[in-house]
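Undergrad: Fold the following for me, if possible:
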Amino acid sequence: MTTSLSAAEATGKRAKRDFVTLADWDRKDLEAVLAESVRLKAELKARGPSDRLRGRTLAMIFHKPSLRTRVSFEVAMTQLGGASIFITDREIGVDSREAVEDVARVLSGYVDAIMIRTFSHDLVRKLATHASVPVVNGLDDRYHPCQILADLLTLRELGMDFEGLPVAWFGDGNNVANSWMEAAAIFGLDLRLAVPKGYEPDPEVERWAREAGGRITITHDPLAAAAGARMLYTDVWASMGQEAEAEARRQVFKPFQVSSALLQVAHPQAVVMHCLPAHRGEEIAADVIDGRSSVVFHQAENRLHAQKGLLAHLLA
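TA: Below you'll find the predicted structure:
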């Protein structure tokens, strides 16, 4: 009796590896991804698209819409010589019409990697467990590791040394904040999270980060978090799935807006980041996101380059 080969086995690639959270990887491997991102970005500027992933295909599963995630991954595969397929839940009905185990096995026979942007972190883990090709977490309600890769690439390009770098987060202790706690532990950042009471980040992620040596301060005082910080970061106050809470959250989060007042107590060369989409006048003041300290659109572009480095590292 013969058995069919997965796409990975058929092309003779090394054993697959997933990118579900930053904590799944060590600093050496993450630094290798950042270095590859820098190289590929320079190559694109100098010589144009590459054929590094010619013949390779990425399946992209979207349960949450996105401008940056979809376009950056599609363009990344195109510029690396590969292809991508956009799939919504209408096509597959994960865990409703079709079991996630079956989706994982079927896609593993067709494509070389899977990226998923969804709600449930457990679903991402389950997909990765049953797929025989690499699974990339494009975002879930608990983590956003691809965003942090782009952010770290941006800080590196700005000449910032990660070790001991004071970075400050303002607002909700959400998936991006959780991934920043992992990054703090891995890269030695001095992370301050200014959040309203009751909106702290995931305690299990915090516990892991502290046990891994992370230097993490959680405070309810935005000015204390901003003092001397080299980077100020925020996100929307109500994420997808929290629309019903939006008005109540606006009232609670008002003191945590990234404003010129926060910038005044930060480092004189501090930069401002936002993972977008942004609501000017809510979590960030318009004059800040559009001001000279903002690197928000540099950061957004780097989603493309960081993910190219990741895909090349996983598939080349």
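
Undergrad: Helices of the stretch 101-250 of the chain, start to end?
TA: For the stretch 101-250 of the chain, helices defined by DSSP state H, counting those that start in this stretch occupy the ranges 121-130, 145-157, 175-187, 203-211, 222-226, 246-253.

Undergrad: Least confident of those, on average?
TA: With a mean of 92, helix 246-253 has the lowest mean pLDDT of the helices of the stretch 101-250 of the chain.

Undergrad: which of the residues in that helix are buried?
TA: The neighbour-count check on helix 246-253 (16 or more other C-beta atoms under 10 Å) flags 249, 252-253 as buried. (Glycine included, C-beta is placed from N, CA and C.)

Undergrad: Please produce JSON lines containing those residues, extended by distance to A128.
TA: Output for the buried residues of helix 246-253, formatted as JSON lines (distance: C-beta to C-beta, whole Å):
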{"residue": "R249", "distance to A128": "31"}
{"residue": "V252", "distance to A128": "35"}
{"residue": "F253", "distance to A128": "33"}
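
Undergrad: Run a quick neighbour tally on the nearest residue to S179 once chain neighbours are set aside.
TA: Spatial nearest neighbour of S179, excluding adjacent residues (C-beta to C-beta, 6 or more residues apart in numbering): I148 at 4.5 Å. Neighbourhood size, I148 [other C-beta atoms under 10 Å]: 24.

Undergrad: Show the contacting residues for I148.
TA: The contact partners of I148, by C-beta atoms under 8 Å, 6 or more residues apart in numbering, come to 22, 176, 179-180, 182-183.

Undergrad: Only the buried members of the residues you listed: can you turn that into a PyMOL selection?
TA: Buried residues within these, by 16+ other C-beta under 10 Å, are selected in PyMOL with:
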select buried, resi 22+176+179+180+182+183
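
Undergrad: Output the contacts of I148 as a markdown table; include the columns distance to I92.
TA: Converted to a markdown table, those look like this (distance: C-beta to C-beta, whole Å):
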| residue | distance to I92 |
| --- | --- |
| L22 | 27 |
| V176 | 27 |
| S179 | 26 |
| W180 | 31 |
| E182 | 29 |
| A183 | 32 |
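
Undergrad: What residue spans form the domains of the chain?
TA: Taking automatic domain parsing as the domain assignment, the ranges for the chain are 7-144+302-315, 159-294.

Undergrad: Same list (these) but as a markdown table, adding distance to L152.
TA: Output for those, formatted as a markdown table (distance: least, C-beta to C-beta, whole Å):
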| stretch | distance to L152 |
| --- | --- |
| domain 7-144+302-315 | 6 |
| domain 159-294 | 7 |
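
Undergrad: L153 is nearest to which of the ones you listed?
TA: domain 7-144+302-315 (4.8 Å; C-beta to C-beta).

Undergrad: So for P49, what's the pLDDT?
TA: Note for P49: predicted pLDDT of 80.

Undergrad: Quick one: residues contacting it.
TA: 78-81.

Undergrad: Okay, it and G81: tell me how far apart.
TA: Distance check for P49 against G81: by C-beta to C-beta, to the nearest Å, it reads 7 Å.

Undergrad: tell me the strands in the stretch 51-200 of the chain, going along the chain?
TA: For the stretch 51-200 of the chain, the strands defined by DSSP state E, counting those that start in this stretch occupy 57-62, 83-88, 113-117, 135-139, 166-170, 190-194.

Undergrad: hmm, who's touching the last one?
TA: Taking C-beta under 8 Å, 6+ apart as the criterion, the residues outside strand 190-194 that touch it are 164-171, 173, 177, 180-181, 183-184, 200-201, 214-222, 224-226, 229, 256.

Undergrad: Might you calculate how far stretch 18-37 sits from the centre of the chain?
TA: 12 Å (C-alpha atoms, centre = their mean, to the nearest Å).

Undergrad: CA-only coordinates of that stretch in PDB, if you can.
TA: Output of stretch 18-37 as PDB, limited to C-alpha atoms (Å, rounded to 0.1, in the frame of the first residue of the first chain):
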ATOM      1  CA  ASP A  18       5.500  26.600  13.300                       C
ATOM      2  CA  PHE A  19       5.400  30.300  14.300                       C
ATOM      3  CA  VAL A  20       2.500  30.400  16.700                       C
ATOM      4  CA  THR A  21       4.000  32.600  19.400                       C
ATOM      5  CA  LEU A  22       7.400  34.300  19.900                       C
ATOM      6  CA  ALA A  23       8.000  32.100  23.000                       C
ATOM      7  CA  ASP A  24       8.100  29.100  20.700                       C
ATOM      8  CA  TRP A  25      11.400  30.300  19.300                       C
ATOM      9  CA  ASP A  26      14.700  31.400  21.000                       C
ATOM     10  CA  ARG A  27      16.500  34.600  20.500                       C
ATOM     11  CA  LYS A  28      19.100  33.200  18.100                       C
ATOM     12  CA  ASP A  29      16.400  32.000  15.600                       C
ATOM     13  CA  LEU A  30      14.400  35.300  15.900                       C
ATOM     14  CA  GLU A  31      17.500  37.300  15.300                       C
ATOM     15  CA  ALA A  32      18.100  35.100  12.200                       C
ATOM     16  CA  VAL A  33      14.600  36.100  10.900                       C
ATOM     17  CA  LEU A  34      15.300  39.800  11.600                       C
ATOM     18  CA  ALA A  35      18.700  39.500   9.800                       C
ATOM     19  CA  GLU A  36      17.000  37.800   6.800                       C
ATOM     20  CA  SER A  37      14.300  40.500   6.800                       C
END
